[in-house]
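*Asks:* Quick one: sequence and predicted model below, then my questions.
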Amino acid sequence: MTFNDYQKKAMTTAIDEGSELEQRVLGLVGESGEIADKVKKWYRDQGGDLAKLDKKDLAAELGDVLWYVATFADFLGYNLDTIAQENIAKLARRNQRGRLTGSGDNR
């Protein structure tokens, strides 16, 4: 499945009622927060033991993040294949300049 295929399928389950921008952004932040919270609790309760990390549960949450990314991209008028290609190209340019680390968009 390509990113674009996924995006098209994700859009079949998107509910559009006039607040798509807010719903997509807040949903993306919320699902990302769920991942952070699960990792925090794993670290707190399991001492960071990788053998006890619930990877299946985290993967399911990543699926929710992906859904919000796909539907938000659609709202903005972009397809995921293009976003992925442009991101890889940006990272390759940074890598060529030795600027993968650090902060800021224009490094």
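*Replies:* On my side now, so go ahead.

*Asks:* So Trp94 sits against Asp105, correct?
*Replies:* If you look again at residue 94, you'll see it is Arg, not Trp. No - at 10.3 Å, Arg94 does not count as touching Asp105 under the criterion of Cβ atoms under 8 Å. Just so you know, the C-beta spots here come from the backbone N, C-alpha and C atoms, and that holds for glycine as well.

*Asks:* Have a look at the two and say which one is more surrounded.
*Replies:* Arg94 (15 against 5; other Cβ atoms under 10 Å).

*Asks:* Sticking with that one, tell me its helix or strand.
*Replies:* Assigning secondary structure by DSSP states H and E places Arg94 in helix 80-96.

*Asks:* Not counting that helix itself, show me its contacts.
*Replies:* 2-4, 6-7, 69-70, 73, 100, 107 (Cβ atoms under 8 Å, 6 or more residues apart in numbering).

*Asks:* Including neighbour count and pLDDT, could those residues go into JSON lines?
*Replies:* As requested, these are arranged in JSON lines below (neighbours: other Cβ atoms under 10 Å; pLDDT from 0 to 100):
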{"residue": "Thr2", "neighbour count": "11", "pLDDT": "95"}
{"residue": "Phe3", "neighbour count": "18", "pLDDT": "96"}
{"residue": "Asn4", "neighbour count": "14", "pLDDT": "97"}
{"residue": "Tyr6", "neighbour count": "17", "pLDDT": "98"}
{"residue": "Gln7", "neighbour count": "21", "pLDDT": "98"}
{"residue": "Val69", "neighbour count": "21", "pLDDT": "98"}
{"residue": "Ala70", "neighbour count": "23", "pLDDT": "98"}
{"residue": "Ala73", "neighbour count": "20", "pLDDT": "97"}
{"residue": "Leu100", "neighbour count": "10", "pLDDT": "89"}
{"residue": "Arg107", "neighbour count": "12", "pLDDT": "78"}
